[in-house]
Every structure is written in structure tokens, then in C-alpha cells.
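Student: quick one: sequence and predicted model below, then my questions.
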Amino acid sequence: MRKMKKFLSVVLAAAMVATMFTACGSSEGESSGELGDKTNTKIGIVSMIENGAFTDMRDGIVEQLKEEGYTDDNIDYQCAAGDATALSSIVSNMTDGTYEMIFTIATPATQAFVNAESDTPVFFCAVSAPEAAGILTDMETPDKNATGTSNAIPVSTIFELAQATTPAKKYGLIYSGNEDGATDTIEQAKTYLQEQGIEFVEKTAPTSSDIETATNALVSEGVDAIFVPNDSIIQDGVTKLVEICNENKIPTYCSSATTVASGCFATVAIDDKGIGKKTVEMAMEYVDGKEVQDIPAQVVGIDYCSVNTNTMEALGLTKDDINTEYEIVELGE
């Protein structure tokens, strides 16, 4: 009988030890499986706000993930709808150990995840100035568990297109002042114009409802053309901006093909879906075993020149008036 009791005690002790090890294995959240196990892997995609460009980037990320063998069940897309508190909650939920990797779209979402200093790797899409935003210290050797793609705005090339197509003596610059990437682009624009000896005037529109007033102020100050950075607030009200400019025969140049599709006259830009796909291709290097710090961040180059045909006609221009070395892609109805 004593032997039987002793045997049962040993079995019970072994079972308790096994239970303890099982509990320890899931102490940091339910495991979502190895990266190669696509059945259980959880992948997050996050943006601070939604607009046409960001939607295309998200679609590019999702499409490429599916090409790599992942499914909708693996992918969790969340948008903070411009709410910093909501973004903080999303970050907290996605850095608890249950997500294998996170894709962030643009600067605000990326900064939020990087600042969380989580062990969950971040692959950012379309951050225009990663170093200035504090996302990494060096593009070649990412040091904050984050790497990805930069859509560094080709400011000088955009103004070269503008000057070759509709030469201007005075430019209007409009931005919200609320987004680091947009402000950085405006600073680059000012530097370029100063170097070229071209006059400019700048106006801020902190909310989309301020865009009409800011645009009318630029028109009243006699600008010959207007430049728009990638700024979600300006994007929200870009239709009104274009309407005013078209009425006054003032060409509008911008930093995104999506903004051209929304009405601005022209730009040279990246393909938004394409940069999403490229970001996933970089993440697959991590899946295949590379450390994040060994995957250099990449600046994605110009794909084509986008032109809005409706605005082109409103300005009294034709495709032959557009002077660019890049393929011209016409957008608009």
C-alpha cells in the first residue's frame, strides 16, 4: 500500500511540474505559433488615419501577405481614426506577445509602436523621414526593432516638373503643421525654392475646415502655383483646394498619386500598393531568419508621373504640355 501511495505521489508531482512548465510557456500571452506556421501566426497592420494612399498601402500589404501564404485569419487590420488614445490602446494590445510582427502605415503609427520598445518587430510602410522621426538612427542598420520602406518625397524633382510644365515666380505652400512628415517636406520645399531664388509664401490649415481660408489667402497673395505635401488633414479637404485653384487657373502640385486622383494637377510619385508589397517582401527576410537590424530600411524610388486629366483640362493644358522623363499616368474621370 505504501508503495502504491509513493507511486501516486511521484505521478502527481510530475503532473504538477508539467503543468508549471505549460503555464510558463504561455505567461506572455497565448502563443500564436512559429512564424513558419501560417495557421496560427497573428500579424497586425495599423494606421493612424485612413485616406486613399494609406488604403492602397494596406491593400498592397494584404495582397503580398496572401501571396506569401497567409490568409485573412492571420491578419488583423486596425485604424485609430485619428485618435491618439485609440492608437495607444492598439499598441498595447498588439505588443503583448500574441502578434509575431506588426506593419505600420506612415509616421504616427510607426512612432507609437517604436516608442513602446516592444519585442514585437515593426515593419513600417511609407515613412517619409525615418531618421528625423526617431524611428531608427541609421537606415543601413536599424536599431529600434523596426525597419521598412521610406517614401522620401522627391521634392526637387516635383518642383523641376512644375517649373518645366507651368513655370512659376511665386509658390504657395500649404500644410496642417500637425504632421512631422508633412512639415519636413515643406522645409525641404522651402530650402529648394530659396536655393533657386524662387519666391514662396506658406499657410497652415490645422483642420480640414481651415483649408478654404488658407487657399484663398494664398490666391490673394498672388501665387502662381501651389504645392501640397503628404498631409492627411490637407488630403481631407483637397477637393475644395483644387476647386479654388482651378477657378483661378493655378496649378496644384503634390506629393502623392492619391492626391492627384483626388484632384491635384500632377506629381512624380511612388505606387502606393507597390510600396506596401515591398514592405512585406522585407518582412519575409525576417520570417526566413534574418534579424531586424540586418534588414536595411529602403527608400522607394519614383514610379511614374501622375496627372489629373480633369484638372489639366480646367487649367487649359494638354498632355503635351507636361515635361517629364517619367511615364505619364492619367488619373481622374
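Tutor: On my side now, so go ahead. Residues are numbered from 1 along each chain as shown.
Student: from now on I want contacts and neighbour counts done on CA atoms only, so please keep to that.
Tutor: OK.
Student: for Ala217, see how far away Glu195 is.
Tutor: 25 Å (C-alpha to C-alpha, to the nearest Å).
Student: so which residue is dead centre in the protein?
Tutor: Central residue of the chain (C-alpha atoms, centre = their mean): Ala106, 2.5 Å from the mean position.
Student: which phi and psi does the residue nearest to it when sequence neighbours are not counted have?
Tutor: Spatially, and ignoring its direct neighbours in sequence, Ala106 is nearest to Val127 (4.7 Å; C-alpha to C-alpha, 6 or more residues apart in numbering). Backbone torsions of Val127, given as degrees, to the nearest 10, read phi -90, psi 120.
Student: would you map the helices across the stretch 101-250 of the chain?
Tutor: 107-115, 155-165, 180-196, 211-220, 232-236, 238-247 (DSSP state H, counting those that start in this stretch).
Student: mean pLDDT lowest for which of those?
Tutor: When mean pLDDT is averaged over each of the helices of the stretch 101-250 of the chain, helix 232-236 scores lowest at a mean of 87.
Student: dump the residue contacts of Ala152.
Tutor: Ala126, Val127, Ser128, Ala129, Val299, Val300 (C-alpha atoms under 8 Å, 6 or more residues apart in numbering).
Student: for the closest residue to Ser256 other than its chain neighbours, give its distance to Ile233.
Tutor: Nearest-residue entry for Ser256: Ala269, 5.7 Å, with adjacent residues in sequence omitted and distances by C-alpha to C-alpha, 6+ apart. Counting by C-alpha to C-alpha, the gap from Ala269 to Ile233 is 19 Å.
Student: who has more neighbours out of these two?
Tutor: Ala269 (26 against 22; other C-alpha atoms under 10 Å).
Student: ok, that one touching Val300?
Tutor: No. At 9.6 Å, Ala269 does not count as touching Val300 under the criterion of C-alpha atoms under 8 Å.
Student: wasn't Asp96 part of a helix?
Tutor: No. Using DSSP: H, G, I helix; E, B strand; the rest coil, the secondary structure at Asp96 is coil, not a helix.
Student: so what's the residue count around it?
Tutor: The burial count for Asp96: 14, using other C-alpha under 10 Å.
Student: what's it sitting at in phi/psi?
Tutor: Per degrees, to the nearest 10, the residue geometry at Asp96, taken as phi and psi, is phi -90, psi 10.
Student: list the beta-bridge partners for the residue nearest to Ser256.
Tutor: Beta-bridge pairing for Ala269 (DSSP bridges): Tyr304.
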